[in-house]
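> Please find the sequence and the predicted model below.
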Amino acid sequence: MDFTLSPEQLLIKDSVARFASGEHAGRDHWKTFGELGWLAIGAAEDLGGFGGPIETLLLMEQFGRGLVVAPYVSQVVFAGTILKAAERLDVLERLAEGTQRVAVAYEEQHARYEPAAVATSAVRDGDGYVITGTKVRVLDPTTANTLIVSAGAGDDVALFLVPADAPNVHRTPFSAEDGHDVADVRFDGVRVDGSARLDAPGGGLALLERGLDHAVAALCAEGLGLMSLMLEATVDYAKQRQQFGVPIGSFQALQHRMAEMFSELELARSMAYFAAMTLENETDARARAHGISAAKVQVARSGRFVGQGAIQIHGGIGMSEEYKVGHYFKRMTMVERLLGDTTYHLNRFIATAAAAEREPLHA
Amino acid sequence: MDLAFSSEDLAFRDEVRAFIQTRMPEDIRRKVQAGDHLDKDDYYRWHRILFERGWSAPNWPKEYGGPGWNAVQRHIFYEEHAFGWAPRMLPFGLSMVAPVIMEFGNDEQRARYLPKILSGEEFWCQGYSEPGAGSDLASLQTRAEKNAAGDTYVINGTKTWITMAQWADWIFVLARTDPNAKKQEGISFILVDMRTPGVTVRPIQTIDGGHEINEVHFENVEVPVTNRVGQESAGWTYAKFLLEHERTGTAGIAGCRGALQQLRDLIAEASIDDPRLEERIALVEIELEALAFTELRTLAAESAGKRPGPESSILKIKGTEIQQALSELSLDALGPYAESHLAPRYFNYRKTSIYAGSNEIQKNIIAKRILKL
């Protein structure tokens, strides 16, 4: 175990930081990401892939700091992890090159984030399946040409690769508060071949959960970046803003609040690292879920505390659309909820406790 | 960055675990598990067992008889130590005065004091706070005046809230050697033998019914000038150095792991099935995990040659909040039956956010020294 960055890791961090601190809003940068190798993080080495959860953490922290709006968590981390685990290296290779883009459609209205609660069905039809059902809040479907769809096949949760433009796929996009691309997607009897099925029967949910855990870890890193930028902006502002003839940062009431924000940020940083460590040291899926859900709960709670404090200490300017902090706060509020909110992950943390009980999580 | 445990790390964990399991005296284990007060001999016996194995000073470098562990090894050791219901390692000698003597003492002092801290032969206590100097520690009034010959300090004053002074052989004292200097500048760091004539210990009963803290009076206590550590009137620098070490220790993460397990056992024994309690415990457990990893990062920074800095204030604040939360949850879990032995601990643990620099002082430190507000 070593907390210092290797030369390669430093290079990734610096190149992502350069991109994230530059002008990047409002455009699709997939080609750039591909050229810089960022789409190949975590992919198998013979596909040109490199790194893993730590490299993803370094990238996502900088994306958070720069408020980069890109479908990275959904299309690279989430979809890529599933494809790798399912050994669909053909698709993964195109994903890493940037020529195929894959979004994951798993959430349903009634399910409250629970991936096992699938009402969408896949009914056997000759050598293929017919998929029927509605997925909600699918992340980044507009730029994807392929969807990974979860559906009940008999007693299993199965995963299918579905072309985004297949007949009977209907999208209803809506604009999310944080500017990300989100849609509900209805599958109205969509026929796919048997080869579209990603999982070996009985293993679909495990694939999906693995993808989710990697994606949640990446979101934790993004949250860390968002928080660190919000705290820095707040401290800077408190040093400049004068009231009663002195900087407001000299008031103890505000100092203590910012000190608490700092502590929360550091706990969140630890848990973002902890999430990456959990993935690096994975022994079984239950312990992995336990660790990742712990991280998500901490990052969500810390993020809310830091974000609300940032707005409050900025005062009126924090409420205004033209100032950056409000936008970070909105994205942080979405990160809190994406792929499972605090209630969901707290329940999951409790439900997966048995495996980890009496055992320090760390060793 | 590489966050995977190496096979050496895992082998080390197994070695520590096996050692603690086989060597921990059963009566001590039971006391720790039950949350009972330990007496001096309990601490001493366990310390000796660790000493014989070469593990009595996990945070010390090899040159002074420590095991020279890296951050990850220390982290693993502390976790296993708690996991095996070992008594907490008393910090006053090991992690308070010893680092100061190593860093600022002279060779004679290192040779005189460190081996007996390592072996457990001498117990230490901390003479910092005074009746009139709590959070504003630098306003302390205890005076150390040189005699005419210039070879002896004569100490007069009162130190208070001194944990385990009744057991201690030695006390390290902050005393004013230059009454005319600015308040931080006239203070010296002096080691005093508790058996010196003029030293008296008065017990202070606390709201939990226990006796662990004391007032210590100094009346014309004569101490050789050679007992001063470092420069005269430069003691404030050493005092702050010590406090930063102290804060890292006060997170008490290993102890929290034990307390959490006690809470779980207690819930299991009483067959309590309450999802809301479950949820409150889970939230504390997650924060504890976050803090444990924060401590690991701090230890790693120390191993890389960085002194513990103001970041250790986070460990103090959050660690004590978690300790208090766990004592509160234990009380809540047992409801009307809680009063027996859990209430005293809850009352006792209110001290944690007060000692070692109150949590409000820690927030001032973060604001001033990290955020530069």
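All right, it came through fine.
> Now do the top helix by length along chain A: distance to the chain's middle.
The residue-count maximum for a helix in chain A (DSSP state H) belongs to helix A:204-240. For helix A:204-240, the distance from its own C-alpha centre to the chain's C-alpha centre is 8 Å (C-alpha atoms, centre = their mean, to the nearest Å).
> Now do the helix or strand just after that helix: which elements does it pack against?
Once the chain leaves helix A:204-240, the next helix or strand it forms, by DSSP states H and E, is strand A:242-243. Identification of packing neighbours for strand A:242-243 by 3 or more C-beta pairs under 8 Å, 6 or more residues apart in numbering or on different chains; DSSP states H and E yields no helix or strand. (Each C-beta comes from the backbone N, C-alpha and C, glycine too.)
> What strands flank strand A:242-243, and is each parallel or antiparallel?
Pairing partners of strand A:242-243, with direction, according to DSSP bridges: strand A:246-247 (antiparallel).
> residues making contact with the partner strand?
Defining contact as C-beta atoms under 8 Å, 6 or more residues apart in numbering or on different chains, one finds that strand A:246-247 is touched by A:238-241.
> looking at it, A:L254 is touching A:V235, isn't it?
No. A:L254 is beyond contact range of A:V235, at 9.9 Å (criterion: C-beta atoms under 8 Å).
> re earlier: which one of the contacts of strand A:246-247 sits closest to B:E145?
Comparing the contacts of strand A:246-247 against B:E145 with C-beta to C-beta places A:K239 closest, at 44.1 Å.
> Could you double-check that the closest one sits in contact with A:Q255?
No. Look at A:K239 against A:Q255 with C-beta under 8 Å: they stay out of range, at 11.2 Å.
> Now for the two: what residues contact both?
Common neighbours of A:K239 and A:Q255 (C-beta under 8 Å, 6+ apart) are A:249, B:373.
> need the strands for chain A, in chain order.
Counting by DSSP state E, chain A has strands at residues A:102-105, A:121-125, A:128-139, A:146-153, A:156-163, A:169-175, A:181-193, A:242-243, A:246-247.
> what pairs with the third one, and is each one parallel or antiparallel?
On the basis of DSSP bridges, the sheet neighbours of strand A:128-139 come out as strand A:121-125 (antiparallel), strand A:181-193 (antiparallel).
> Next, the angle from the first one to helix A:204-240.
An angle of 150 degrees separates the directions of strand A:121-125 and helix A:204-240 when computed by axes from the mean of the first three to the mean of the last three C-alpha atoms, to 10 degrees.
> Excluding covalently adjacent residues, which one is nearest to the residue of the stretch 1-150 of chain B at minimum distance from chain A?
Nearest to chain A in the stretch 1-150 of chain B, going by C-beta to the nearest C-beta, is B:L3, at a distance of 3.7 Å. Leaving aside its sequence neighbours, B:L3 sits nearest to A:M277 (C-beta to C-beta, 6 or more residues apart in numbering or on different chains; 3.7 Å).
> That neighbour - how many residues pack around it?
Residues lying near A:M277 (other C-beta atoms under 10 Å in any protein chain shown) number 28.
> now do B:G198
15.
> How about B:S6?
B:S6 has 12 nearby residues by other C-beta under 10 Å.
> Grab the longest helix from chain B for me.
Under DSSP H, chain B gives helix B:275-303 as its longest helix.
> Quick one: name whatever helix or strand follows it.
From helix B:275-303, the next helix or strand downstream (DSSP H and E) is helix B:312-334.
> Flag every buried residue along that next one.
Neighbour-count burial for helix B:312-334, counted by 16 or more other C-beta atoms under 10 Å in any protein chain shown, picks out B:312-327, B:329-334.
> Over to stretch B:170-180?
B:170-177.
> Then stretch A:185-202?
Buried residues in stretch A:185-202, counted by 16+ other C-beta under 10 Å: A:185-187, A:190-192, A:196-199.
> Which element, helix or strand, includes B:N156?
For B:N156, the element it lies in under DSSP H and E is strand B:152-159.
> before we move on, the earlier item: save the buried residues of stretch B:170-180 as TSV, and put in pLDDT, distance to A:D155 and secondary structure too.
Putting the buried residues of stretch B:170-180 into TSV (pLDDT from 0 to 100; distance: C-beta to C-beta, whole Å; DSSP: H, G, I helix; E, B strand; the rest coil) gives the following:
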residue	pLDDT	distance to A:D155	secondary structure
B:W170	98	70	strand
B:I171	98	70	strand
B:F172	98	69	strand
B:V173	98	73	strand
B:L174	97	71	strand
B:A175	98	76	strand
B:R176	97	78	strand
B:T177	96	80	coil
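> Let me have these in a markdown table, extended by distance to chain A.
Formatted as a markdown table, these follow (distance: C-beta to the nearest C-beta, whole Å):
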| residue | distance to chain A |
| --- | --- |
| B:W170 | 34 |
| B:I171 | 32 |
| B:F172 | 29 |
| B:V173 | 31 |
| B:L174 | 26 |
| B:A175 | 30 |
| B:R176 | 28 |
| B:T177 | 32 |
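> Could you list the residues of the stretch 51-200 of chain A in contact with chain B?
A:54, A:58 (C-beta under 8 Å from any C-beta of the partner chain).
> Please identify the residue of the stretch 51-200 of chain A positioned nearest to chain B.
For the stretch 51-200 of chain A, C-beta to the nearest C-beta, closest residue to chain B: A:I54, 5.2 Å.
> Around that residue, how many other residues sit close by?
Neighbours around A:I54, by other C-beta under 10 Å: 23.
> which residues does it contact?
Contacts of A:I54 by C-beta under 8 Å, 6+ apart are A:9, A:276, A:280, B:1-3.
> Please enumerate the helices of the stretch 201-350 of chain A.
A:204-240, A:252-280, A:285-314, A:316-319, A:324-337, A:342-351 (DSSP state H, counting those that start in this stretch).
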